[in-house]
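Enquirer: Any chance you could fold what I've pasted below:
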Amino acid sequence: MKKNCLECGLPFVGRSDKKFCSDYCRNTYNNKINPACRNLIRNTNNRLKRNHKILEKLNVTGKTKVSKQTLHDAGFDFQTITSLSTTTRGNTYFYVYNQGYSPLKKDHYLLIHKNSTS
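Expert: Below you'll find the predicted structure:
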């Protein structure tokens with residue numbers, strides 16, 4: 001049975017439920033569906049990766065104190081985290097995957113690796 005590709009419109013032969021003539025056309029078609037949502041997810045993931053890389057680079061010992069300016073200069077985005085937790089003492093830790101930070105006094109942050117606090 002001959003059908004026309006949903007992306008390029010060219011006729012093709014294949015299974016009765018086949019909709020595209022090639023993987024290229026299938027990918028192109030699916031990438032056009034809801035691109036704003038895909039861009040949001042991709043951009044958020046990129047910010048999370050960048051934040052994780054910055055924290056990992058600055059926190060080589062598992063527990064480090066750094067200034068807010070150091071994080072800012074490295075391009076850290078304080079609005080993008082994966083989770084947060086509050087200790088029984090009332091300290092809040094913001095996490096980017098397994099790398100965390102907690103605000104200290106005088107524009108400094110305590111960087112921690114999640115495994116070093118358990």
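Enquirer: Double-check that Tyr29 belongs to a strand.
Expert: No: using DSSP: H, G, I helix; E, B strand; the rest coil, the assignment for Tyr29 is helix, not a strand.
Enquirer: So it is in contact with Gly9, correct?
Expert: No: using C-beta atoms under 8 Å, Tyr29 makes no contact with Gly9, being 11.3 Å away. Heads up, the C-betas are built off the backbone N, CA and C, glycines and all.
Enquirer: and these two? which has more neighbours close in?
Expert: Tyr29 (15 against 9; other C-beta atoms under 10 Å).
Enquirer: Now do the more buried one against Cys21, distance only.
Expert: 11 Å (C-beta to C-beta, to the nearest Å).
Enquirer: Now for those two: what residues contact both?
Expert: Residues touching both Tyr29 and Cys21 (C-beta atoms under 8 Å, 6 or more residues apart in numbering) are Glu7.
Enquirer: Which SSE is immediately downstream of the longest helix seen in the chain?
Expert: Secondary structure of the chain per DSSP state H: the longest helix is helix 35-58. Toward the C-terminus, helix 35-58 is succeeded by strand 63-67 as the next helix or strand (DSSP states H and E).
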